[in-house]
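S.K.: Show me how the following folds:
(chains A and B)
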Amino acid sequence: MPLYRDDVVVLRTHKLGEADRIVTMLSRQNGKIRAVAKGVRRTASKFGARLEPFMVADVQFFEGRTLDTITQAVTIASYGADISADYASYTAASAMVETADKLTEADATQQQYLLLVGALRSLSRGEHGSSLTLDSYLLRALSLAGWAPSFSDCAVSGVPGPHSAFVVQLGGVVSDALAPPGTPRLDHETLGLLSALLSGDWVTADAAGERVRSQASGIVAAYTQWHLERGLRSLEHVDRSNSTVNTNKKVPAA
Amino acid sequence: MYEGIIQELIDELGRLPGIGPKSAQRIAFHILQTETFDVTRLAEVLIEVRDKVHFCSVCGNVSEQDTCSICRDPRRSQNVICVVEEAKDVVAIERTREFRGLYHVLGGAISPIDGIGPDNLRIRELMQRLADASIEEVIIATDPNLEGEATATYLSRLLTVLEIRVTRLASGLPVGGDLEYADEVTLGRAFEGRRLVEK
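M.R.: Residues are numbered from 1 along each chain as shown, chains lettered A, B, ... in the order given. Here you go, the predicted model:
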């Protein structure tokens, strides 16, 4: 198939030569794709703006031996402008796409694509605090990849909770009998928020206080980086200063 | 694979940005085969550039002295600063002959995915300039891409507190292009930034 089409969300871009870019995308059908977009850095480029990070586009590729080439691109949804207009949302979205880039390969499922598009859409509309949206995305993306954390039953023995000892390496909370010495303990509010973020219970998540959100974010960051086996560069730049109120909040279109 | 010094030359040329192995080989053989090519002059200029060219202590532009020619020029407007990402952007704006103020080169754009945050750019130096001088307007001329827009958002958040007029370069349709070929993002920006036609 020398030519093929797919819906993609743009994760990141790298400069190539004089005016080209290598675009890394997560696609609906073909997992992660890296392709060359020729001439997109020129101001007269016909589809440069459609291949910026956080854009969702219908793209046609020409299959190459090493990298495919993008021949056409049509915008499906443009989240970049709204996200970049709010700095906290921009840093959160950057962490999302970096996670997606490291978490997925050519065999990525459609659920990963839909999850990322949904998270970016939510960020662009300012539906929830950007920090909460990021933490929820990270937990769900890891769950889809097979690393679902447990916040109620013991992650090792399955003994029903509640448990408070949280061990990142063991996959969540563990019973007191299995908890290594010095294991950090989480209060029920933090565990409640983490469960809500994992299940998508936004009423509970939005009602959480600043201290609980901060503690949950630390747990999510540690859990994500341990399972990805490498640090996420964008996580340290995430602006959590407006995690309670999103200044970019907009009324969703009817 | 060539032997000895020729391969070393090809390897060194290949380390330059935008030069692949084929281009490096072509340049190496051009140097070898063209009698008129002054290799000594090229080598001297390369060494001179490394020794003499620094970044301006005020604006961050490239300069052979402590401050660049633009910062030293008393004829330029001292109360407007144009903020750009790279020194190359200063040259691009100077070519327009439309701007007669000062510049501030950030040294890049905020890109968390590449590990570049506000602390990695010359934003602190910009704030110091704004605190000292009688600046009335800051023109944010970062690239019209995602990183450039996010950097502009971050800067505007900082600068509005200082009660300085903050403007952003307009973006929209390129001169000489056809409307039907414009992408929807660019066309949308052009509509947002439309201006009144004076009577």
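
S.K.: Now the residue positioned nearest the centre of chain B. Nearest residue, chain neighbours left out?
M.R.: Geometric centre of chain B, nearest residue: residue B:86, 2.4 Å, by CA atoms, centre = their mean. The shortest distance from residue B:86 to any non-neighbouring residue, by CB to CB, 6 or more residues apart in numbering or on different chains, is to residue B:105 (6.6 Å). Placement of C-beta: from N, CA and C, glycine included.

S.K.: Looking at strand pairing, list the partners for the one you found.
M.R.: residue B:84 (DSSP bridges).

S.K.: wait, what's in contact with it?
M.R.: Contacts for residue B:105 (CB atoms under 8 Å, 6 or more residues apart in numbering or on different chains) come out as B:55, B:56, B:59, B:60, B:61, B:84, B:85, B:86, B:87, B:89, B:90, B:122.

S.K.: Please flag which of these sit within strands.
M.R.: B:55, B:84 (DSSP state E).

S.K.: tell me the domain ranges of chain A?
M.R.: With domains defined by automatic domain parsing, chain A comprises A:3-78, A:85-237.

S.K.: Can the last one be said to contact chain B?
M.R.: It refers to domain A:85-237. Yes - under the criterion of CB under 8 Å from any CB of the partner chain, chain B is reached by domain A:85-237 at A:85-87, A:90-91, A:94-95, A:97-98, A:233-234, A:236-237.

S.K.: okay if I get those residues as CSV plus secondary structure and pLDDT?
M.R.: Below are the residues of domain A:85-237 next to chain B laid out as CSV (DSSP: H, G, I helix; E, B strand; the rest coil; pLDDT from 0 to 100):
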residue, secondary structure, pLDDT
A:85, coil, 90
A:86, coil, 91
A:87, helix, 92
A:90, helix, 94
A:91, helix, 94
A:94, helix, 95
A:95, helix, 94
A:97, helix, 95
A:98, helix, 94
A:233, helix, 89
A:234, helix, 89
A:236, helix, 87
A:237, helix, 87
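
S.K.: Kindly give a single ChimeraX line that selects the buried subset of the residues you listed.
M.R.: Written as a ChimeraX command, the selection of buried residues from the residues of domain A:85-237 next to chain B, which uses 16 or more other CB atoms under 10 Å in any protein chain shown, is:
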select /A:85,86,87,90,91,94,95,97,98,233,234,237
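
S.K.: quick one on the thing from earlier: what sits against the residue nearest to the centre of chain B?
M.R.: Contacts of residue B:86 by CB under 8 Å, 6+ apart are B:105, B:107, B:108.

S.K.: Among these, which one lies nearest to residue A:69?
M.R.: Here the nearest of those to residue A:69, counting by CB to CB, is residue B:108; it sits at 28.1 Å.

S.K.: mind checking the SS state of the closest one?
M.R.: coil (DSSP: H, G, I helix; E, B strand; the rest coil).

S.K.: and the gap between residue B:137 and residue B:79?
M.R.: Distance of residue B:137 to residue B:79, given as CB to CB, to the nearest Å: 7 Å.

S.K.: Could you check the pLDDT of residue B:43?
M.R.: On pLDDT, residue B:43 comes in at 89.

S.K.: Spell out the secondary structure type for it.
M.R.: Residue B:43 ends up helix, using three-state DSSP.

S.K.: do you know how far residue A:104 is from residue A:96?
M.R.: From residue A:104 to residue A:96 the distance is 12 Å (CB to CB).

S.K.: Now residue 20. Nearest residue, chain neighbours left out?
M.R.: You didn't say which chain, so I picked chain A. That would be residue A:38: by CB to CB, 6+ apart, it lies 5.1 Å from residue A:20.

S.K.: I was after chain B.
M.R.: Per CB to CB, 6+ apart, closest to residue B:20 is residue B:14, 6.9 Å.

S.K.: which residues in chain A form helices?
M.R.: Remark: helices assigned in chain A by DSSP state H are A:80-84, A:87-103, A:110-125, A:130-144, A:188-199, A:202-207, A:210-228.

S.K.: and the angle from the longest one to helix A:188-199?
M.R.: If you take axes from the mean of the first three to the mean of the last three CA atoms, to 10 degrees, helix A:210-228 sits at 50 degrees to helix A:188-199.

S.K.: and residue 191, how many neighbours?
M.R.: No chain was given, so I picked chain A. 23 (other CB atoms under 10 Å in any protein chain shown).

S.K.: Oops, wrong one, chain B.
M.R.: 9.

S.K.: Can you check the pLDDT for it?
M.R.: If you check residue B:191, the pLDDT there is 89.

S.K.: now do the one 3 residues further on
M.R.: We note a pLDDT of 87 for residue B:194 in this prediction.

S.K.: Using the three-state scheme, assign it.
M.R.: Strictly by three-state DSSP, residue B:194 counts as coil.

S.K.: Burial check on it, number of neighbours?
M.R.: Residues near residue B:194, counting by other CB under 10 Å: 10.

S.K.: how near is it to residue B:170?
M.R.: As judged by CB to CB, residue B:194 and residue B:170 stand 10 Å apart.

S.K.: Domain-wise, how is chain B divided?
M.R.: Looking at automatic domain parsing, the domains of chain B come to B:5-52, B:54-168.

S.K.: Out of the ones you listed, the one nearest residue A:180 is which?
M.R.: domain B:54-168 (32.3 Å).

S.K.: which residues of chain B score low on pLDDT?
M.R.: B:133, B:199 (pLDDT under 70).

S.K.: Which residues are in contact with residue B:138?
M.R.: So residue B:138 contacts B:80, B:81, B:82, B:83, B:130, B:155, B:159, B:164, B:165, B:166, B:167 (CB under 8 Å, 6+ apart).

S.K.: for the helix or strand encompassing it, the distance to its chain's centre please.
M.R.: Assigned by DSSP states H and E, residue B:138 belongs to strand B:137-140. Centroid displacement of strand B:137-140 relative to its chain, using CA atoms, centre = their mean, to the nearest Å, is 15 Å.
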